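# task: produce atomic coordinates for the following.
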Amino acid sequence: MAKRVTKLQQLATAGPAATSGRATQTLCTEYLAYLRGECHLAANTIAAYGNDMRRFVAWVDQRSLADLKVQDLSSYVGTLQEENLAPSSISRNVVAVRTFFKFLQLEGIVTDNPADLIATQKMWQRMPGVLTTRQVNDFLSSPKKYDKYWQRDVAMLEVLYATGCRASEVCTLRVRDLSMPQKHLRCEGKGGKQRMVPLGGRAIVAIQRYLEDLRGELAAKSPHPPEELFLSRSGRPIDRVQLWRLVKMYAARVGIDDKISPHSLRHSFATHLLAGGADLRLVQEMLGHASIQTTQIYTHVEHSRLKKVHTQFHPRA
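Below is the predicted model:
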């Protein structure tokens with residue numbers, strides 16, 4: 001830690017030119033190390049912030065960080081909009097820059113945080129894709145017995161929709177996280193936070209069939225006994241890219257929009273619960289959202305669907 005502080009102090013005392021060019025990249029590298037080592041953020045979150053900071057460093061170029069004003073950062077947000085980034089991605093970029101400047105304040109490199117005055121776009125401005133219940137039924141039944149690993153694929157898709165878990169949470173789910181008699185599982189979300197999520201009957205049947213018929217065969221291909229529930233053909237834990245490809249493949253098979261992703265099933269899970277009358281706080285808990293405001297996006301989605309139905313069927317709409 002002392003070595004890192006010394007390096008940053010040298011950058012701070014070297015004047016405005018020190019916070020431009022390659023020095024800015026160095027500060028960003030130290031910032032990401034700070035998030036990892038002291039803030040204990042999840043690896044996926046740090047990776048996302050890393051991508052955001054690379055974009056920011058390219059935009060900063062030779063400008064001095066200490067001289068940046070709120071007007072400059074507003075211009076940066078404008079460039080993100082010109083790149084047609086989703087509102088959620090722009091919001092994350094703003095948060096990454098804002099916390100970067102807080103880090104610089106802690107290190108004494110800047111005195112003010114101009115990013116504090118930059119407003120983030122509301123998440124609900126981009127409605128997430130939601131499947132109808134009929135599409136969900138078609139999708140979950142799309143793996144067939146002629147598919148080589150159909151037992152695993154059915155179980156994975158059922159778990160995605162039954163629990164609303166993120167793709168990364170499903171990929172890292174371990175056998176010991178399952179509690180079949182109690183009909184729930186334990187998953188580890190962002191920041192290492194654990195939560196218990198109920199499992200439906202169909203998901204339980206699919207998991208049991210996979211455990212009995214296929215998982216042992218896949219696990220035997222690995223040199224070390226894997227703890228993870230869902231395994232690839234080589235016996236290693238399945239990763240997010242493989243899961244994403246499987247979702248795309250089965251969606252295409254039943255003619256569903258090719259924009260579907262594992263996250264679409266999470267969106268559908270939440271929206272269908274709220275449409276059925278579930279309490280927003282309980283949905284928040286099942287999704288693992290730290291803030292109720294994040295969960296409220298799905299109330300906007302559901303309201304938009306209700307409005308569409310009203311427009312289509314009400315005689316005086």
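
# quick one: buried residues of stretch 251-268?
Neighbour counts using 16 or more other C-beta atoms under 10 Å place 251, 256, 260, 261, 262, 264, 265, 266, 267, 268 of stretch 251-268 among the buried residues. (Glycine included, C-beta is placed from N, CA and C.)

# and those residues, which is closest to residue 230?
residue 262 (12.1 Å; C-beta to C-beta).

# surely the closest one and residue 165 touch.
No. Residue 262 lies out of contact with residue 165 (C-beta atoms under 8 Å); the separation is 9.0 Å.

# mind picking out the helix or strand in the protein with the poorest mean pLDDT?
helix 2-13 (a mean of 46; mean pLDDT, DSSP states H and E).

# give me the next element, helix or strand, following that helix.
Downstream of helix 2-13, the next assigned helix or strand under DSSP states H and E is helix 22-37.

# for that next one, name the packing helices and strands.
helix 2-13, helix 43-60, helix 87-106 (3 or more C-beta pairs under 8 Å, 6 or more residues apart in numbering; DSSP states H and E).

# nearest to residue 113, out of these?
Nearest to residue 113 among these is helix 87-106 (4.2 Å), distances taken as C-beta to C-beta.

# now do the buried residues in the helix or strand just after that closest one.
Tracing the chain past helix 87-106, the next element assigned as helix or strand by DSSP H and E is helix 133-140. For helix 133-140, the neighbour count (16+ other C-beta under 10 Å) marks 135, 136, 138, 139, 140 as buried.

# now these as CSV including distance to residue 41 and pLDDT?
Shown next, in CSV, are the buried residues of helix 133-140 (distance: C-beta to C-beta, whole Å; pLDDT from 0 to 100):
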residue, distance to residue 41, pLDDT
135, 35, 91
136, 32, 92
138, 38, 94
139, 32, 95
140, 33, 95
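
# which one of those sits closest to residue 29?
Nearest member of the buried residues of helix 133-140 to residue 29, counting by C-beta to C-beta, is residue 139, at 41.7 Å.

# that closest one: what's it in contact with?
By C-beta atoms under 8 Å, 6 or more residues apart in numbering, the contact set of residue 139 is 131, 157, 250, 251, 254, 256, 260.

# the fifth one - nearest residue in space that isn't next to it in sequence?
So the one you mean is residue 254. residue 138 (4.4 Å; C-beta to C-beta, 6 or more residues apart in numbering).

# gap between the one you found and residue 265?
Plainly put, residue 138 is 13 Å away from residue 265 if you go by C-beta to C-beta, to the nearest Å.

# cool, residue 59 as well?
From residue 59 across to residue 265, the span is 35 Å (C-beta to C-beta).

# now swap in residue 70 and tell me
In this view, residue 70 and residue 265 are 39 Å apart by C-beta to C-beta.

# again with residue 71
Applying C-beta to C-beta, the value for residue 71 to residue 265 is 42 Å.

# cool, and residue 108?
According to C-beta to C-beta, residue 108 stands 46 Å off from residue 265.

# just residue 52 next, same as before
Between residue 52 and residue 265 the computed distance is 26 Å (C-beta to C-beta).

# okay, and for the protein, where does confidence drop off?
The chain contains residues with pLDDT under 70 at 1-22, 119-129, 258, 300-317.

# pull the contacting residues for the spatially most central residue of it.
Nearest to the mean C-alpha position of the chain, by C-alpha atoms, centre = their mean, lies residue 166 at 6.6 Å. Listed by C-beta under 8 Å, 6+ apart, the contact set of residue 166 reads 189, 262, 263, 266, 288.
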